[in-house]
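*Asks:* Sequence and predicted structure, then a few things I'm wondering about:
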Amino acid sequence: MSASSSDTSQIDNDPGGLTENELLEELAANYPVRRRRPGGVTARELAEKIGSMAAARRVLKLEKDRGEIYFESVIEDGHPVKVWYKHIS
């Protein structure tokens, strides 16, 4: 009998353990999902503005090291993303 795409094997062949799908569902249920607030920028968005992903990462690192910005992790399109915000003085 072949397994369908919705059926997965037991993790580490533990007959009493969770399937891969069950584990992912449990992790998703317990992961705090933050919504993106206005005013933030991702590295990809900054790269589109300045023309280079490497330059965008350098700018973000420099401003983070200076304490000018911070990031929050959010979920966008099912993927974790760092969104950078300026500190309010």
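*Replies:* Noted; the coordinates are in hand.
*Asks:* Can you give me the end-to-end span of stretch 66-85?
*Replies:* 13 Å (CA to CA, to the nearest Å).
*Asks:* what residues does it touch?
*Replies:* With contact meaning CB atoms under 8 Å, 6 or more residues apart in numbering, stretch 66-85 is reached by 31, 33-37, 39-43, 46, 60, 63-64, 86-87. The C-beta positions use only the backbone N, C-alpha and C, and glycine is treated the same way.
*Asks:* Drop anything exposed from those.
*Replies:* Among the contacts of stretch 66-85, those classed as buried by neighbour count (16 or more other CB atoms under 10 Å) are 40, 41, 42, 43, 46, 60.
*Asks:* out of these, which one sits closest to residue 23?
*Replies:* residue 42 (27.9 Å; CB to CB).
*Asks:* quick one: residue 83 and residue 35, what's the gap?
*Replies:* As judged by CB to CB, to the nearest Å, residue 83 and residue 35 stand 10 Å apart.
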